[in-house]
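Chemist: just the structure for this:
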Amino acid sequence: MSGDSNATVRDVVIVGSGVAGLSAAVYAARADLDPLVLEGPEPGGQLTLTTDVENYLGFPEGVGGMELIQRGKEQAERFGADFRHGTVEDAELEDRPFELELANGDLVRTRALIVATGASARWVGADGEDELMGYGVSTCATCDGAFHRGDDVLVIGGGDSAMEEALFLAKFADSVTVVHRRDELRASEVMAQRARDHEKIAFRWNAELLEIHGSRDDGVTGATLVSHPDGHPMEKLEGSAAPEATTEVKRETVDVGGIFYGVGHVPNTDFLEDTAIELDDSGHLETREGMTTETALEGVFGAGDVMDPDYRQAVTSAGTGSMAALDAEAWLEAQAVRSASRALAEPTAQ
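Modeler: Model prediction:
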């Protein structure tokens, strides 16, 4: 690694500043571990894209995603957590203390490491998604589905994630249309059949989302879909196929009140790929069996969506964040006891 190493060795460094990272920071700071939180390229994580959070305990009237994150940061700072803008590019975890290289070349050294980098939802690249994400466009049906009671909504995708989104949304929406770029689902047969059997769920085969209509004031009001009989219409529209294929691409505008992306999430673990940290096939951080956030590498702990491919909720992320801080505190105390025991066992020089 390059860059100047900071002489200070932290007890705990937390990588990520979403709900999991903030919860870990609160607990670590209250334990007098003087944690450093590296905020990453998107401070606050996915929750900053959610306008209203109604299912987080303690906010019966709901709370804005950005407000919840800001409150969490202020709470952690109140107890002494230190925040720093920085993205980890590389991690050296073979020696101790651990060394993290930031994008600007700086090195951060720490005895214990909590990875709370989250997972980034895949977007589809439709026109208007940047403006309307969080204003009728969502990557989380369980987070935002209840806002769409009585709406007609679209779900983009064809895997298990999309089927789960569609089935959940069917509890609230008048109709759910699954838009898939092929004529065959990637979802497991069980999930696919549940969606097919539901009276509120319909399918638009060989179709993709081209444009989202609406505004932040009005929310999503409609969408433009493109379709082609052979599937993958965007590829043909963008000219990667024969000219005659492009002419067969059809456009259609539909009126909808919400659009949900169900095309999966990518855990933010690139900086761990060449380390001893174990990742599963999808790139999620693997933790030891049982109720723990410990990884296979002593002193490294996981929290939030980066190690949770199933629940992906703010409240569960907060829970694993607190667990990671408690696990790190216990591990550091054990190291201190071992060091003290070794020092007592060594013979005194005469």
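Chemist: ranges for the helices of this structure?
Modeler: 19-30, 65-78, 129-132, 141-144, 160-169, 189-197, 233-237, 243-247, 314-345 (DSSP state H).
Chemist: partner strands of the longest strand along the chain, with direction?
Modeler: Identified as the longest strand of the chain according to DSSP state E is strand 5-15. With DSSP bridges as the test, strand 5-15 is paired with strand 36-38 (parallel), strand 107-115 (parallel).
Chemist: make JSON lines from those and add mean neighbour count and distance to residue 185 to it.
Modeler: Where you see a C-beta, it was placed from the backbone N, CA and C, and this is true even at glycine. As requested, the strands paired with strand 5-15 are exported to JSON lines (neighbours: other Cβ atoms under 10 Å; distance: least, Cβ to Cβ, whole Å):
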{"stretch": "strand 36-38", "mean neighbour count": "24", "distance to residue 185": "39"}
{"stretch": "strand 107-115", "mean neighbour count": "24", "distance to residue 185": "33"}
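Chemist: same list, those, but as JSON lines with distance to residue 228 and mean pLDDT please.
Modeler: Formatted as JSON lines, the strands paired with strand 5-15 follow (distance: least, Cβ to Cβ, whole Å; pLDDT from 0 to 100):
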{"stretch": "strand 36-38", "distance to residue 228": "45", "mean pLDDT": "98"}
{"stretch": "strand 107-115", "distance to residue 228": "42", "mean pLDDT": "97"}
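Chemist: for those strands, which one sits closest to residue 177?
Modeler: Smallest distance to residue 177 across the strands paired with strand 5-15 (Cβ to Cβ): 37.5 Å, for strand 107-115.
Chemist: gap between the closest one and the chain center?
Modeler: 21 Å (Cα atoms, centre = their mean, to the nearest Å).
Chemist: run the angle between it and helix 19-30 for me.
Modeler: Interaxial angle, strand 107-115 versus helix 19-30 (axes from the mean of the first three to the mean of the last three Cα atoms, to 10 degrees): 110 degrees.
Chemist: dump strand 107-115 to CSV, restricted to CA.
Modeler: C-alpha atoms of strand 107-115 as CSV (Å, rounded to 0.1, in the frame of the first residue of the first chain):
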residue,chain,number,x,y,z
LEU,A,107,-3.8,4.8,5.5
VAL,A,108,-6.0,4.1,8.5
ARG,A,109,-4.9,1.6,11.1
THR,A,110,-7.2,-0.3,13.5
ARG,A,111,-7.2,-3.2,15.9
ALA,A,112,-10.8,-4.2,15.1
LEU,A,113,-12.8,-3.6,11.9
ILE,A,114,-16.6,-3.4,11.4
VAL,A,115,-17.7,-3.7,7.8
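Chemist: give me the pLDDT for residue 2.
Modeler: pLDDT for residue 2: 45.
Chemist: low-confidence regions, the chain specifically.
Modeler: Judged by pLDDT under 70, the chain has its weakly predicted residues at 1-7, 239-246, 347-350.
Chemist: okay, which residue is most central for this protein?
Modeler: residue 119 (2.7 Å; Cα atoms, centre = their mean).
Chemist: how near is that one to residue 283?
Modeler: Counting by Cβ to Cβ, to the nearest Å, the separation of residue 119 from residue 283 is 8 Å.
Chemist: what touches both of the two?
Modeler: Taking Cβ atoms under 8 Å, 6 or more residues apart in numbering as the criterion, residue 119 and residue 283 both touch 266-267.
Chemist: in the stretch 201-350 of the chain, which spans are strands?
Modeler: 201-204, 207-215, 219-227, 250-254, 258-261, 265-267, 300-302 (DSSP state E, counting those that start in this stretch).
Chemist: nearest to residue 168, of these?
Modeler: strand 258-261 (9.1 Å).
Chemist: buried residues in the closest one?
Modeler: 258-261 (16 or more other Cβ atoms under 10 Å).
Chemist: isn't the residue nearest to the centre of the chain right up against residue 266?
Modeler: Yes. Here residue 119 lies in contact with residue 266, judged by Cβ atoms under 8 Å, at a distance of 6.1 Å.
Chemist: about what we covered before: adding mean neighbour count, write the helices of the chain out as JSON lines.
Modeler: As requested, the helices of the chain are exported to JSON lines (neighbours: other Cβ atoms under 10 Å):
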{"stretch": "helix 19-30", "mean neighbour count": "29"}
{"stretch": "helix 65-78", "mean neighbour count": "18"}
{"stretch": "helix 129-132", "mean neighbour count": "16"}
{"stretch": "helix 141-144", "mean neighbour count": "22"}
{"stretch": "helix 160-169", "mean neighbour count": "24"}
{"stretch": "helix 189-197", "mean neighbour count": "15"}
{"stretch": "helix 233-237", "mean neighbour count": "20"}
{"stretch": "helix 243-247", "mean neighbour count": "12"}
{"stretch": "helix 314-345", "mean neighbour count": "17"}
